[in-house]
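[1] any chance you can model this:
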Amino acid sequence: MKVTYLGTAAAERVPAIFCNCRICRHAMEKKGREIRTQTQALLDDGKLLIDFPGDSYLHRLSGRVDYNRVEALLLTHWHSDHFYGEDLAYRMSGYANGITTQLAVYGNAYVKGFYDRAFQLEGRYDEQRLTYHLLEAYQKTWINGYEVYSLPAQHGHFAEDCFIYVIKDPTGKTLLYGHDTGYLTEEMFAFLEANKFIFDCVSMDCTGQTNADQMANHMNWSQNIQMKQELMDRKLATEKTIFVANHFSHNGGRTYQEMADLSASEMIITAYDRGGELSLSRLEIV
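    Presented below is the predicted three-dimensional model:
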């Protein structure tokens, strides 16, 4: 499995669109890895795309992704920094030419309402180009060769309107993709244990970074450390598991480099926007 982090920011991005804080000023000056766009990830060069935020077009322009090669789209939730349906509707005939494939879109029932809204604004659907498949909490679904398990995220309305996912590829490599969510509940941990998952990679929400206050709908650095330990204690992860902190807000108060230096001490990778990949087959950054 190869995971490409196309974007690694929370909704406002870094630098935030309207902000003059230290982190945003630093990002404007330093650029490089300090620049963060809205969170999106790609598996295996297009076999599975996770989320379609408002910054998807920026990821296309940067050369990080060719959406015409994407075979399936998995949506975590309905916030616009993870699903911007109006742009997705431009895959329909009359907007996009030379497309002969159908994009399979997967998400929960609440996200379906936002999906439908985008096409209702256009006055039509195009089932030859896009189809929506409903997912339910604690359900296993086969998506383009991957085993995908849906878990209710601690986010949004806290009513199974937001999901995180366990994704297992055909070789057995297993990813826990946890954005956006607060700390996992006992019910969620019990589900992971019941299915006897052993994760090769855990991608954790770190929106709050080193802020002391813990949010119900996101995690911070101290919760990342706690979650890593709990996954190890429950035998859901091993010393070989790759842990990644991702989904950062400028309000977290840390630059990329400051966060990277801190996370290295705990053997956790700080994600950044890139065209490079995290390869779970070789367990290294390439």
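[2] show me where the stretch 1-150 of the chain has strands.
    Applying DSSP state E, counting those that start in this stretch to the stretch 1-150 of the chain gives strands spanning 2-7, 40-43, 48-50, 72-74, 103-107, 130-134, 140-143, 146-152.
[3] can you list the ones you listed in JSON lines and add mean pLDDT, distance to Phe243 and mean neighbour count?
    (Glycine included, C-beta is placed from N, CA and C.) Below are these laid out as JSON lines (pLDDT from 0 to 100; distance: least, CB to CB, whole Å; neighbours: other CB atoms under 10 Å):
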{"stretch": "strand 2-7", "mean pLDDT": "94", "distance to Phe243": "13", "mean neighbour count": "23"}
{"stretch": "strand 40-43", "mean pLDDT": "96", "distance to Phe243": "15", "mean neighbour count": "25"}
{"stretch": "strand 48-50", "mean pLDDT": "98", "distance to Phe243": "18", "mean neighbour count": "25"}
{"stretch": "strand 72-74", "mean pLDDT": "98", "distance to Phe243": "21", "mean neighbour count": "23"}
{"stretch": "strand 103-107", "mean pLDDT": "98", "distance to Phe243": "26", "mean neighbour count": "21"}
{"stretch": "strand 130-134", "mean pLDDT": "98", "distance to Phe243": "30", "mean neighbour count": "15"}
{"stretch": "strand 140-143", "mean pLDDT": "98", "distance to Phe243": "24", "mean neighbour count": "14"}
{"stretch": "strand 146-152", "mean pLDDT": "98", "distance to Phe243": "18", "mean neighbour count": "21"}
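[4] which one, of the ones you listed, ends up nearest to His218?
    Across these, His218 has its closest neighbour in strand 146-152 (15.3 Å, CB to CB).
[5] between strand 103-107 and that closest one, find me the angle.
    On the basis of axes from the mean of the first three to the mean of the last three CA atoms, to 10 degrees, strand 146-152 is oriented at 30 degrees to strand 103-107.
[6] give me the sheet partners of strand 146-152 and which way each runs.
    Strand 146-152 has the following strand partners under DSSP bridges: strand 140-143 (antiparallel), strand 163-168 (antiparallel).
[7] export the strands of the stretch 1-150 of the chain to a markdown table and tack on distance to Leu121?
    A markdown table is the format used below for the strands of the stretch 1-150 of the chain (distance: least, CB to CB, whole Å):
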| stretch | distance to Leu121 |
| --- | --- |
| strand 2-7 | 24 |
| strand 40-43 | 22 |
| strand 48-50 | 22 |
| strand 72-74 | 19 |
| strand 103-107 | 17 |
| strand 130-134 | 14 |
| strand 140-143 | 27 |
| strand 146-152 | 27 |
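[8] and these: which comes nearest Lys240?
    Proximity to Lys240 (CB to CB) singles out strand 2-7 among the strands of the stretch 1-150 of the chain, at 15.8 Å.
[9] what bridges to Asn204?
    You called it Asn, but residue 204 is Met. According to DSSP bridges, beta-bridge pairing links Met204 with Gly178, Ala245.
[10] which residues are in contact with it?
    By CB atoms under 8 Å, 6 or more residues apart in numbering, Met204 lies in contact with 178, 219, 224, 227-228, 243-246, 268.
[11] quickly name whichever of those is closest to Lys31.
    Asn246 (19.6 Å).
[12] can you pull out the low-pLDDT segments for the stretch 51-200 of the chain?
    In the prediction, the stretch 51-200 of the chain carries no residues with pLDDT under 70.
[13] now the helices for this structure?
    Ranges of helices in the chain, per DSSP state H, are 22-30, 56-61, 85-88, 109-122, 186-194, 221-233, 256-264.
[14] list the buried residues in the third one.
    Right, helix 85-88. 85, 87-88 (16 or more other CB atoms under 10 Å).
[15] likewise for the fourth one?
    Of the residues in helix 109-122, those buried by neighbour count under the rule 16+ other CB under 10 Å are 110-112, 114-115, 118-119.
[16] adding distance to Met259, write the residues you listed out as a markdown table.
    Listed next are these as a markdown table, based on distance: CB to CB, whole Å:
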| residue | distance to Met259 |
| --- | --- |
| Tyr110 | 31 |
| Val111 | 30 |
| Lys112 | 35 |
| Phe114 | 31 |
| Tyr115 | 33 |
| Ala118 | 34 |
| Phe119 | 39 |
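[17] what's the neighbour count on Gln229?
    Counted with other CB atoms under 10 Å, the neighbours of Gln229 add up to 12.
[18] same question for the one 4 residues further on.
    The number of residues packed around Asp233, counting by other CB under 10 Å, is 9.
[19] same thing with Ala194?
    Counted with other CB under 10 Å, the neighbours of Ala194 add up to 9.
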